[in-house]
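*Asks:* all I have is the shape, not the residue letters:
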């Protein structure tokens, strides 16, 4: 069974540009979550989607957006990039909500560097 | 809201030493508790979990017990190996939250 696939693995973008990151969940998983990991702030929740509906959103500016497609694949977009957006972006998929004890499986992440 | 407090690292140990990483939490509602591990250059892997009070999660020699009375979920391993060198994250989730709340992470280095 294939794991969670994130593309691309590495990205370098210029301040002010926009970027789209992609996540393909494990087959059959309908919940997809996104997290930002930085040395200073640790792991911070961005948003969660289930069957194309956003069920929760973290405390990030509106420049951060996401969506989920009918095949459960998800994308997140960051517009008007800032230097502080440099981070490892992790996607996780699960059968259901982690609050019910469902296991979340993480991809290897996309390393975004903003210069 | 939900939050996790994890003991600060880094932690450096010799092979075969005993490892404990403390984790306490606050939660609105009844949480599920998790330990994740991150190896260099990788995403997070679920190490173990517990979904109700007094449950013990275990995997690869690691154990953690869900203690509701002390709101804790400490991670332990009796004899660590060099391959256990990684960053360990304690996390929780509640059924109305749809997200994992993570601790700051503890970097563990095991020396041969």
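*Replies:* Yep, it's here. Treat the numbers as computed from the prediction; the structure is a model and nothing was measured.
*Asks:* near chain B, which residues of chain A?
*Replies:* A:4, A:6, A:31, A:33, A:35, A:42-43, A:45, A:48, A:50, A:55-56, A:58, A:90, A:92, A:97-101, A:103-109 (C-beta under 8 Å from any C-beta of the partner chain). (C-beta placed from N, C-alpha, C; glycine too.)
*Asks:* quick check, central residue of chain A?
*Replies:* By C-alpha atoms, centre = their mean, the mean C-alpha position of chain A lies nearest to residue A:34, the distance being 3.0 Å.
*Asks:* among the residues of chain A next to chain B, which ones are in strands?
*Replies:* A:6, A:31, A:33, A:35, A:42-43, A:45, A:48, A:50, A:55-56, A:90, A:92, A:105-106 (DSSP state E).
*Asks:* got a list of what residue 105 touches?
*Replies:* I'll assume chain A. Contacts for residue A:105 (C-beta atoms under 8 Å, 6 or more residues apart in numbering or on different chains) come out as A:3, A:4, A:26, A:29, A:92, A:93, A:94, B:46.
*Asks:* hm, I was asking about chain B
*Replies:* Contacts of residue B:105 by C-beta under 8 Å, 6+ apart are A:42, A:43, B:6, B:9, B:38, B:87, B:88, B:89.
*Asks:* just the pLDDT for it.
*Replies:* Note for residue B:105: predicted pLDDT of 96.
*Asks:* that one and residue B:6, how far apart?
*Replies:* The spacing between residue B:105 and residue B:6, counted by C-beta to C-beta, to the nearest Å, is 7 Å.
*Asks:* find residues that contact each of those two.
*Replies:* residue B:89.
*Asks:* sorry, back to before: who are the contact partners of the residue nearest to the centre of chain A?
*Replies:* Neighbours of residue A:34 in contact, by C-beta under 8 Å, 6+ apart: A:23, A:45, A:46, A:47, A:48, A:66, A:74, A:76, A:89, A:90, A:91, A:92.
*Asks:* how about the residues of chain B by chain A?
*Replies:* So chain B meets chain A at B:29, B:31-32, B:34, B:36, B:41-46, B:49, B:51, B:89, B:93-105 (C-beta under 8 Å from any C-beta).
*Asks:* so which of the residues you listed are in helices?
*Replies:* Among these, no member is found in helices (DSSP state H).
*Asks:* this completes my enquiry, with thanks.
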